[in-house]
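In: Whatever this is, show me its structure:
(one chain, ligands or ions: 2)
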Amino acid sequence: MNCPRCGCAIPDFSGLDPALRARVGAQVRLGHCVAGTQTLVGAAGWSMRDAKAVVSHLVASPGRCRKCRGPVADTDVTECPRCRSLNLLW
Ligand SMILES: [Zn+2]
Ligand SMILES: [Zn+2]
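Out: Ligands and ions are numbered 1, 2, ... in the order given. All right, here's what the predicted structure looks like:
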């Protein structure tokens with residue numbers, strides 16, 4: 001999966017522990033993006049590059065685009081209709 005806006009490759013996270021995924025999502029919603037990245041690297045064993053790619057596309061407030069703050073669908077994976085950025089909701 002690639003972000004249509006920045007071309008960034010989003011790693012496959014289907015094998016990720018749902019509890020871990022929820023933890024990272026919660027960290028990002030609290031504004032703790034660095035902590036979220038560290039969780040993916042430390043607890044899930046991801047590379048720093050993969051962790052950063054995902055964290056930079058996780059929505060901080062559901063329904064708001066990560067990049068342009070425009071309204072987006074409140075689903076797990078959505079593409080912003082305004083800026084085409086991929087938004088992941090964990
Ligand atoms: Zn992107
Ligand atoms: Zn957007």
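In: For this structure, which residues are neighbours of ligand 1?
Out: Contact residues (CB under 5 Å from the ion) of the chain with ligand 1: C3, R5, C6, C8, S85. Backbone N, C-alpha and C define where each C-beta goes, glycine included.
In: Mind pulling the model confidence for the last one?
Out: Right, the one you point to is S85. The score at S85 is 98. That number is its pLDDT.
In: Also the fourth one?
Out: Note for C8: predicted pLDDT of 94.
In: Quick check: closest non-adjacent residue to it.
Out: Leaving aside its chain neighbours, C8 sits nearest to A53 (5.2 Å; criterion: CB to CB, 6 or more residues apart in numbering).
In: hang on, the one you found in a strand?
Out: No: secondary structure assignment (DSSP: H, G, I helix; E, B strand; the rest coil) places A53 in helix, not in a strand.
In: Number of residues surrounding it?
Out: Around A53 there are 21 other residues, counting by other CB atoms under 10 Å.
In: Let me see the contact set for it.
Out: By CB atoms under 8 Å, 6 or more residues apart in numbering, A53 lies in contact with C8, A9, I10, P11.
In: Then A60?
Out: For A60, the set of contacting residues under the criterion of CB under 8 Å, 6+ apart consists of V28, R29, G31, R66.
In: Out of the residues you listed, list just those in helices.
Out: Judged by DSSP state H, helices contain the following of the contacts of A60: V28, R29.
In: Contacts only, for the most far-flung residue of the chain relative to its centre.
Out: Largest separation from the mean C-alpha position in the chain: R82, at 17.9 Å (CA atoms, centre = their mean). With contact taken as CB under 8 Å, 6+ apart, R82 is in contact with C65, C68, G70.
In: one more time with 10 Å
Out: R82 sits next to C65, K67, C68, R69, G70, P71, V72 when contact means CB atoms under 10 Å, 6 or more residues apart in numbering.
In: Which phi and psi values does it adopt?
Out: With angles defined as degrees, to the nearest 10, R82 sits at phi -90, psi -50.
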